[in-house]
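# Sequence below, structure please.
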Amino acid sequence: MRLTILGGGGFRVPLVVGAVAGARDRVDIDEIVLQDLDAARLAVVQAVVGEQLAGRDDAPRVRVETDLRRAVEGADVVFSAIRVGGTEGRVRDEQVARDLGLLGQETVGPGGLAYALRTVPVVDDVARTIADVAPQAWVVSFTNPAGLVTEAMRAHLGDRVVGICDTPIGLLRSAARALRLPAREVTGDYLGLNHLGWLRTLVHAGTDHMPSLLADRELLLRLDEAALFDVDWLRATGALPGEYLHYYETPPEPHAGPGRAAFLARQQAAFFDAGPGPGAHDRWLATLAERENTYMADARTREHTDLDGGQRQGGGYHEVAVDLMAALLTGTPAWMILNLANDGVIPALPDDAVIEVSARVDADGARPDGPHRPLTLHQLGLVAGVKGSERLAIEAARTGSRELAWRAFAGHPLVASPDLGRRLLDGYLAAEPLLRDVLVRP
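Numbering: from 1, shown residues only. So this is what the prediction gives:
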């Protein structure tokens, strides 16, 4: 079977290739196609992957393509991990917001909307191409902002596209470890949007262990997420928020020095500029370690200590992707947390709105796995506000309307101001050439 990875020149692609190669006993992918418009980055990633798979008798064949149609034609599954505008676009997404005293983060708030506005026209073209030349393929979308992009692609691919993120499963496994439960056997009621969701139950062998976890402050301090939240607040709210909820609960601090995006842009430029020569895999490993060790470092108020004395652990989006692919292609049932169509799960939202929700997966696809407790009014208010902005952004990108884009920025809960919304729009239009090409109408 063939897997195509769009955005194949991305820095983290070797993680995905390694996970796929290590899972051939679960799903037999014997060919991987890496597609990217940047041939130089593709060459570097191909060198890293070549050294990574060297000496493995069962290694899948890997080839590279710059042409989208050739890359996806005949694919059994497509992983979409594109970054429209590259890391420099991410720098601009974050900096324009930071200059206005707002959150500068690539997926949450203004930065995520700016990223989406230039990304939706591209993923629309990608989805149409897949529907044309590979209608049989399952599409797994990693592209941020994940829920919004998945919603856009569903217009062309329907249920054959599923969005993923590793933070929800990382949260569940962190909670399971705190209680010394076998993480792979634990499920739960998770609900919200991508980077805006809550785990409300923690079920193992028919018993919900969330009440006992919330009742024990010392256990809560062992969560990965304890470095981001006041654990007494977690106990008061009766649920575990995903780590990105930190940005909604903590006002942005005055910005000193470059942000996360600028750091990654410099780091990745140095890595890719070194070229595809010998030792590329070792250079990649060293760069990856530095990247992971600084993840959300600006938001963490303390280091957590888990029961085994380890450091922060997550599900890994590459592992989530392989789990989903295995269930879809082999029919082996799996429980996961995914970005799917609402279909009535949150009654206040349209059925075609994409939410992030606990789900069951098999060869017939992915569907929400209930029952789901209703969101609190406070949670629903945040979810509805963010989803309203997301849908306006999709419409703005498709129609070229600057007025709709203004409304998307102004209505987001982390902006909540027509004046700031206008200043954001003007700032992004001035900073981002690709956005000027998208938003061509008043």
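
# SS state for Ala366?
strand (DSSP: H, G, I helix; E, B strand; the rest coil).

# Show the pLDDT at it.
The per-residue pLDDT reported for Ala366 equals 98.

# Equivalent analysis for Glu253, please.
pLDDT, read off for Glu253, is 73.

# What is the burial count for it?
For Glu253, the neighbour count with other CB atoms under 10 Å is 9. Any C-beta I mention is one placed from the backbone N, CA and C, and that applies to glycine too.

# distance of it from Gly86?
When distance is defined by CB to CB, to the nearest Å, Glu253 is 27 Å away from Gly86.

# repeat for Gly101
Taking CB to CB as the measure, Gly101 falls 26 Å from Gly86.

# which one of these two has more residues nearby?
Gly86 (17 against 13).

# what number of residues lie near the residue nearest to Thr143 when sequence neighbours are not counted?
Excluding the flanking residues, the one nearest Thr143 by CB to CB, 6 or more residues apart in numbering is Val149, at 4.6 Å. Val149 has 31 neighbouring residues, counting by other CB under 10 Å.

# what's the strand or helix carrying Val149 packed up against?
Using DSSP states H and E, Val149 sits in helix 146-157. Identification of packing neighbours for helix 146-157 by 3 or more CB pairs under 8 Å, 6 or more residues apart in numbering; DSSP states H and E yields helix 110-133, strand 138-141, strand 161-163, strand 334-341, strand 354-362, helix 377-399.

# need the ones you listed in TSV with mean neighbour count and distance to Leu434, can you?
Output for the helices and strands packed on helix 146-157, formatted as TSV (neighbours: other CB atoms under 10 Å; distance: least, CB to CB, whole Å):
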stretch	mean neighbour count	distance to Leu434
helix 110-133	23	4
strand 138-141	26	20
strand 161-163	28	22
strand 334-341	24	24
strand 354-362	24	23
helix 377-399	19	11
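
# any chance of these in a markdown table, with distance to Arg12 and mean pLDDT too?
A markdown table is the format used below for these (distance: least, CB to CB, whole Å; pLDDT from 0 to 100):
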| stretch | distance to Arg12 | mean pLDDT |
| --- | --- | --- |
| helix 110-133 | 17 | 98 |
| strand 138-141 | 14 | 98 |
| strand 161-163 | 17 | 98 |
| strand 334-341 | 19 | 98 |
| strand 354-362 | 20 | 98 |
| helix 377-399 | 24 | 98 |
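
# Nearest to Arg70 among these would be which one?
Between Arg70 and the helices and strands packed on helix 146-157, the shortest gap by CB to CB is with helix 110-133, which sits at 9.0 Å.

# Show me where this structure has its strands.
Secondary structure of the chain, counting by DSSP state E: strands at 2-6, 31-35, 61-65, 77-80, 138-141, 161-163, 190-193, 196-199, 203-204, 207-208, 240-241, 334-341, 354-362, 365-368.

# how many degrees apart are the longest one and strand 334-341 in direction?
This means strand 354-362. 140 degrees (axes from the mean of the first three to the mean of the last three CA atoms, to 10 degrees).

# Give the pairing partners of strand 354-362; include direction for each.
Sheet partners assigned to strand 354-362 using DSSP bridges are listed as strand 190-193 (antiparallel), strand 334-341 (antiparallel), strand 365-368 (antiparallel).

# wait, which of those strands is closest to Ala137?
Evaluated with CB to CB, those place strand 365-368 nearest to Ala137, the distance being 12.9 Å.

# Flag every buried residue along stretch 77-94.
Residues of stretch 77-94 classed as buried: 77-87, 89-94 (neighbour count, 16 or more other CB atoms under 10 Å).

# can I get the strands of the chain in CSV with distance to Pro418?
Formatted as CSV, the strands of the chain follow (distance: least, CB to CB, whole Å):
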stretch, distance to Pro418
strand 2-6, 37
strand 31-35, 41
strand 61-65, 45
strand 77-80, 34
strand 138-141, 32
strand 161-163, 30
strand 190-193, 23
strand 196-199, 22
strand 203-204, 44
strand 207-208, 44
strand 240-241, 28
strand 334-341, 30
strand 354-362, 27
strand 365-368, 35
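
# To what extent is Gly365 buried, counted in neighbours?
Gly365 has 16 neighbouring residues, counting by other CB under 10 Å.

# Let me see the contact set for it.
Residues in contact with Gly365 (CB atoms under 8 Å, 6 or more residues apart in numbering) are Asp159, Arg160, Val162, Leu328.

# my read: the last one touches Val361, true?
Meaning Leu328. Yes: between Leu328 and Val361 there is a contact at 6.5 Å, judged by CB atoms under 8 Å.

# Quick check: the residue nearest the centre of the chain vs Pro278, distance?
In the chain, the C-alpha closest to the average C-alpha coordinate belongs to Cys165, at a distance of 4.1 Å (CA atoms, centre = their mean). Distance, Cys165 to Pro278, using CB to CB: 35 Å.

# Same check on Leu221?
Remark: distance between Leu221 and Pro278 (CB to CB) = 45 Å.

# These two: which has the busier surroundings?
Neighbour comparison, Leu221 and Pro278: the larger count goes to Leu221, with 15 against 9 (by other CB under 10 Å).

# rewinding a little: turn the strands paired with strand 354-362 into CSV, columns for distance to Gly10.
Shown next, in CSV, are those (distance: least, CB to CB, whole Å):
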stretch, distance to Gly10
strand 190-193, 24
strand 334-341, 19
strand 365-368, 24
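
# For Gln136, find the nearest of those strands.
The nearest among those, by CB to CB, is strand 365-368 at 13.1 Å.

# Quick check: end-to-end length of stretch 29-37?
End-to-end distance for stretch 29-37, by CA to CA, to the nearest Å: 23 Å.

# actually stretch 411-421, not the one I typed
Using CA to CA, one end of stretch 411-421 lies 8 Å from the other.

# again with stretch 226-236
Terminal residues of stretch 226-236 lie 14 Å apart, using CA to CA.

# pLDDT on stretch 182-201, on average?
97.

# Can you show me the CA trace of it as PDB?
Output of stretch 182-201 as PDB, limited to C-alpha atoms (Å, rounded to 0.1, in the frame of the first residue of the first chain):
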ATOM      1  CA  PRO A 182      -2.500   1.300  31.400                       C
ATOM      2  CA  ALA A 183      -2.700   4.200  29.000                       C
ATOM      3  CA  ARG A 184      -3.600   2.200  25.900                       C
ATOM      4  CA  GLU A 185      -6.700   0.700  27.800                       C
ATOM      5  CA  VAL A 186      -8.100   4.100  29.000                       C
ATOM      6  CA  THR A 187     -10.800   6.000  27.200                       C
ATOM      7  CA  GLY A 188     -12.700   9.100  28.100                       C
ATOM      8  CA  ASP A 189     -15.300  11.700  27.200                       C
ATOM      9  CA  TYR A 190     -13.300  14.400  25.400                       C
ATOM     10  CA  LEU A 191     -15.100  17.300  23.700                       C
ATOM     11  CA  GLY A 192     -14.500  20.800  22.200                       C
ATOM     12  CA  LEU A 193     -12.500  22.100  19.300                       C
ATOM     13  CA  ASN A 194      -8.900  21.600  18.200                       C
ATOM     14  CA  HIS A 195      -6.700  23.300  20.900                       C
ATOM     15  CA  LEU A 196      -9.900  24.100  22.800                       C
ATOM     16  CA  GLY A 197     -11.200  21.000  24.500                       C
ATOM     17  CA  TRP A 198     -11.800  19.200  27.800                       C
ATOM     18  CA  LEU A 199     -11.400  15.700  29.100                       C
ATOM     19  CA  ARG A 200     -14.300  15.100  31.400                       C
ATOM     20  CA  THR A 201     -14.100  11.300  32.200                       C
END
